[in-house]
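Novice: what follows is a predicted protein model with its sequence.
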Amino acid sequence: MNIQRVNSVISSLTIVLAFVAAVYHIVYVFWFPWGTTTHTILHLGAALILVLLPKAFEEQGFRRVGSVLALLLAFITIPFFLVMSDTLEMKFGMGLNTIEFAMGLAVIATTLLAVYLVWGLAIPIVCLFFLTYFFFGYMIPGPLQAARMPTVDYAMAFLAAGGSSGIFAGVTNVSANYIFLFVLFGAVFGATGVLSMFIELGRYLGQVVRGGAAFTAIVGSALMGSVTGATVANVALTGAVTIPTMKKQGYRSTDAVAIESVASCGGQVLPPIMGTGAILMASFLGVPYVSILAMALVPALLFFAGLLITAMVVARNRPIVLDEEPIDWALVRGHLAHFVIPVGLVVYLLLIGRSPEIAIVWALLAGIALFLLRPRNLTSWPQMWFSIKSLATGLVQGARQAAEIAIVLAAIAVVAQTLITTAAAPKLALMLRAFAGDVPLLWLVMSMVTCIILGFGMPTAAAYTLVAIMMVPAMSQFGLDPHVAHFFIFYYAVYAAVTPPVATAVIVGSKIGQVGFWPAALASMKFMTIPLLLPFAFVYHPELLAFPNITLDLLMPVLALLVAAFHASVLLYGGLDGRYNWLTVAMMGVGLVTAVLWIFLSMPSLLIISTALAVGGFLLQTYRSHQLQKAVA
């Protein structure tokens with residue numbers, strides 16, 4: 001009984017702390033009582049406590065001991081850095097005393113322990129590898145040898161003593177000022193019930209176009225995923241509705257999981273929010289956030305166009321029973337303003353030059369106000385109280401999700417500082433270029449594989465950040481535009497959530513769909529055939545990222561990717577008439593190969609052949625389908 005009471009108290013305390021952290025980050029946007037360094041230290045401290053406090057009482061054995069130890073270290077180190085931050089800034093580059101060195105080591109250890117408890121061993125192992133290189137890299141012979149630091153306390157000053165470098169700078173600062181707010185916005189957005197509107201709009205599209213619940217999943221997950229920016233959470237949220245519905249309408253369980261997982265994955269590349277990825281990219285490139293959104297628009301539309309084409313082909317080959325229940329247009333009208341006004345406000349404020357944090361906070365406040373001022377809330381105190389609790393729950397959940405992302409980014413900040421201080425990034429670039437030779441395509445494939453491997457089990461923000469600081473310098477040596485390089489890396493970091501052998505989004509989806517992980521993962525990779533090709537198209541046709549400049553040079557790769565999506569879908573799922581035959585396989589196979597070759601070679605004849613085969617194949621299979629229907633009738 002006492003244990004239950006303690007757990008209840010800890011749970012309540014965590015909720016209160018999460019709510020306070022959420023309010024603090026919102027208020028800080030309008031009122032700056034202290035500087036950026038202090039704000040970032042408080043941000044990391046709050047994140048550590050929000051993560052470690054419940055872990056210290058929920059975990060068992062070694063994990064509980066580690067949680068308690070990390071929590072104690074957090075309570076010691078964070079106040080120390082709050083008090084000593086100005087002094088440490090003035091001493092930067094002159095070394096640290098014993099206590100300062102110990103505190104720097106302790107805050108890094110605390111962060112890595114917290115990351116291990118939430119995200120597993122992969123990220124701490126990567127960080128420990130780079131920390132070892134930071135301190136002992138001078139012992140490595142050859143081109144990767146690092147310069148030797150005068151003393152270890154001098155080295156620690158770069159990692160954990162100054163607010164301008166190390167764990168309290170870089171992407172940790174981006175997390176404190178931007179990402180925390182964006183995650184809050186997504187969580188509160190979900191709490192307002194907008195998901196139900198997305199589901200209704202998807203159902204309507206599914207009744208207009210053959211595909212049924214697949215379109216509900218694609219539309220709902222795309223819109224919700226763009227706001228939440230979390231693939232796994234989005235699968236859990238929207239998949240709980242869409243996956244059982246797709247199964248009920250005739251889709252195979254594996255197809256249902258694949259459609260939901262890939263659509264949720266795509267939400268992170270869809271403007272106008274794009275989760276946290278666009279914020280990080282804007283920070284890396286030093287460009288306005290709205291510029292990243294504009295560049296992302298055409299690729300995102302191509303991603304979902306390819307997915308819709310695949311879903312339509314699958315629907316032609318499954319015994320789909322269309323949903324004929326009437327659409328709840330009253331529900332759509334009731335929630336439409338909760339979506340259009342906040343998101344429209346974000347876009348408007350960005351276009352007139354407001355900062356991303358200002359735009360997202362005003363949108364957040366507008367969403368809260370619209371939700372609370374609904375007529376039924378104003379006429380019923382119990383309903384108003386229920387809405388207030390829903391919003392508070394959203395803020396708490398958002399703060400806890402943002403805390404989990406914050407500790408990962410703090411760990412990655414240490415890696416970033418290692419690569420900067422030791423100049424390891426350009427050294428790694430030289431080594432990998434020597435391996436790849438003068439073959440850019442080989443380097444791109446290596447970068448793709450690295451992005452996906454390093455993204456296993458990581459949140460997208462961490463995977464993208466880690467690979468960007470390692471790979472972009474090397475990619476730039478091949479003459480690749482930094483904007484293109486970052487988009488290339490970001491897309492594959494997003495794809496890691498649906499790529500075996502980890503595929504965290506598919507793990508969640510397969511549990512909802514009650515199907516084995518590997519069959520669902522393989523089905524997801526079939527749906528990812530064209531999305532996996534898309535980032536290569538950025539490299540060979542950067543005009544895809546040049547919106548709003550719409551030219552023939554833009555339309556050609558768009559056509560090639562759509563044609564390739566059609567060919568691949570027919571090859572993978574059996575054609576529009578539900579039957580494989582040698583002519584269909586030959587036409588679609590040649591069409592797919594020529595479309596892909598055009599992307600790399602830009603030979604007009606290849607695109608003409610591929611398009612002609614797509615049109616001819618479509619007409620032939622449609623004719624056969626009509627003939628089959630007549631024969632059955």
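Specialist: Cool, got the structure.
Novice: surely residue 157 meets residue 90?
Specialist: No: in this structure, residue 157 is not within contact of residue 90 by C-beta atoms under 8 Å, at 11.4 Å. The way it works is simple: take the backbone N, C-alpha and C, and place the C-beta from them, glycine included.
Novice: quick one, which of those two is more surrounded?
Specialist: Each of residue 157 and residue 90 has its neighbours counted (other C-beta atoms under 10 Å); residue 157 has more, 23 against 9.
Novice: go ahead and confirm residue 470 touches residue 428.
Specialist: Yes: between residue 470 and residue 428 a contact is recorded at 6.4 Å, counting by C-beta under 8 Å.
Novice: quick check on these two: which one has the bigger neighbour count.
Specialist: Neighbours per residue (other C-beta under 10 Å) separate residue 470 from residue 428, with residue 470 holding more: 23 against 17.
Novice: separation between the more buried one and residue 611?
Specialist: As judged by C-beta to C-beta, to the nearest Å, residue 470 and residue 611 stand 39 Å apart.
Novice: and the closest residue to residue 293 other than its chain neighbours, how many neighbours?
Specialist: Excluding the flanking residues, the one nearest residue 293 by C-beta to C-beta, 6 or more residues apart in numbering is residue 271, at 4.2 Å. Residues lying near residue 271 (other C-beta under 10 Å) number 21.
Novice: go on, residue 561?
Specialist: Using other C-beta under 10 Å, residue 561 has 26 other residues around it.
Novice: and residue 455, by the same measure?
Specialist: Here the count is done by other C-beta under 10 Å, and residue 455 has 26 residues near it.
Novice: keeping just the C-alphas, turn stretch 557-569 into PDB.
Specialist: Extracted as PDB, the C-alpha positions of stretch 557-569 are listed here (Å, rounded to 0.1, in the frame of the first residue of the first chain):
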ATOM      1  CA  PRO A 557      11.400  14.600 -62.700                       C
ATOM      2  CA  VAL A 558       7.900  14.900 -61.200                       C
ATOM      3  CA  LEU A 559       6.500  12.900 -64.200                       C
ATOM      4  CA  ALA A 560       9.400  10.400 -64.000                       C
ATOM      5  CA  LEU A 561       8.700   9.600 -60.300                       C
ATOM      6  CA  LEU A 562       5.000   9.300 -60.800                       C
ATOM      7  CA  VAL A 563       5.500   7.000 -63.700                       C
ATOM      8  CA  ALA A 564       8.000   5.000 -61.800                       C
ATOM      9  CA  ALA A 565       5.500   4.700 -58.900                       C
ATOM     10  CA  PHE A 566       2.900   3.300 -61.200                       C
ATOM     11  CA  HIS A 567       5.200   0.700 -62.800                       C
ATOM     12  CA  ALA A 568       6.500  -0.400 -59.400                       C
ATOM     13  CA  SER A 569       3.100  -0.700 -57.900                       C
END
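Novice: next one: that stretch to chain centre, how far?
Specialist: Relative to the chain's own centre, stretch 557-569 is displaced by 25 Å; criterion: C-alpha atoms, centre = their mean, to the nearest Å.
Novice: then stretch 522-529?
Specialist: The chain centroid and the centroid of stretch 522-529 are separated by 18 Å, computed with C-alpha atoms, centre = their mean.
Novice: as a whole number, average confidence for that stretch?
Specialist: Average pLDDT, stretch 522-529: 90.
Novice: what residues sit buried inside stretch 232-246?
Specialist: Neighbour-count burial for stretch 232-246, counted by 16 or more other C-beta atoms under 10 Å, picks out 232-239, 241-246.
Novice: sort out for me which of those are in helices.
Specialist: Counting by DSSP state H, the buried residues of stretch 232-246 place 232-239, 241-246 in helices.
Novice: quick check, nearest of these to residue 619?
Specialist: Checking these against residue 619 with C-beta to C-beta, the nearest one is residue 246 at 29.0 Å.
Novice: ok, and the closest non-adjacent residue to the closest one?
Specialist: residue 256 is the one closest to residue 246 (C-beta to C-beta, 6+ apart), at 3.8 Å.
Novice: residues contacting that neighbour?
Specialist: Contact analysis of residue 256 by C-beta atoms under 8 Å, 6 or more residues apart in numbering lists 213, 217, 242, 243, 246, 247, 513.
Novice: so what's the backbone phi/psi at it?
Specialist: Main-chain torsions, residue 256, degrees, to the nearest 10: phi -60, psi -50.
Novice: for residue 234, see how far away it is.
Specialist: With distances taken as C-beta to C-beta, residue 256 is found 15 Å from residue 234.
Novice: again, but for residue 97
Specialist: To residue 234, residue 97 is 48 Å away according to C-beta to C-beta.
Novice: which one's the longest helix in the protein?
Specialist: Criterion DSSP H: the longest helix present in the chain is helix 381-421.
Novice: next, residue 254: secondary structure please.
Specialist: helix (DSSP: H, G, I helix; E, B strand; the rest coil).
Novice: just give me the residue right at the centre of the chain.
Specialist: The structure's the chain has its C-alpha centroid closest to residue 460; by C-alpha atoms, centre = their mean the separation is 4.2 Å.
Novice: show me the contacts for it.
Specialist: Residues counted as contacts of residue 460 (C-beta under 8 Å, 6+ apart) are 229, 231, 268, 275, 276, 277, 493, 494, 496, 497.
Novice: and the last one, what does it touch?
Specialist: Meaning residue 497. By C-beta under 8 Å, 6+ apart, the contact list for residue 497 reads 231, 232, 261, 265, 455, 460, 503, 504, 505.
Novice: that one and residue 504: what is the separation?
Specialist: Between residue 497 and residue 504 the distance is 5 Å, computed by C-beta to C-beta.
Novice: between these two, what contacts are shared?
Specialist: Contact criterion C-beta under 8 Å, 6+ apart; residues shared by residue 497 and residue 504: 231, 232.
Novice: helices along the stretch 101-250 of the chain, start to end?
Specialist: Counting by DSSP state H, counting those that start in this stretch, the stretch 101-250 of the chain has helices at residues 122-136, 152-156, 171-174, 180-191, 194-208, 213-228, 231-249.
Novice: can you say which of those helices is packed in most?
Specialist: helix 213-228 (a mean of 28; mean count of other C-beta atoms under 10 Å).
Novice: quick check: mean pLDDT across that helix?
Specialist: Helix 213-228 comes out with an average pLDDT of 77.
Novice: and what of stretch 407-416?
Specialist: Across stretch 407-416, pLDDT averages out at 89.
Novice: next step: the contacts of residue 497 restricted to helices.
Specialist: In this view, these that belong to helices under DSSP H are 231, 232, 261, 265, 460, 504, 505.
Novice: pLDDT for those - can I get that in a markdown table?
Specialist: Putting the ones in helices among the contacts of residue 497 into a markdown table (pLDDT from 0 to 100) gives the following:
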| residue | pLDDT |
| --- | --- |
| 231 | 80 |
| 232 | 80 |
| 261 | 91 |
| 265 | 88 |
| 460 | 80 |
| 504 | 83 |
| 505 | 87 |
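Novice: from those residues, pick the one nearest residue 531.
Specialist: Distance to residue 531, by C-beta to C-beta, is smallest for residue 265 among the ones in helices among the contacts of residue 497, at 8.2 Å.
Novice: hmm, residue 506 and the closest one touching each other?
Specialist: No: proximity of residue 265 to residue 506 does not meet the contact threshold set by C-beta under 8 Å, at 9.7 Å.
Novice: which neighbours do those two share?
Specialist: residue 498.
Novice: neighbour-wise, which one of the contacts of residue 460 leads?
Specialist: In terms of neighbours by other C-beta under 10 Å, the contacts of residue 460 top out with residue 497 at 32 neighbours.
Novice: done for today, thanks.
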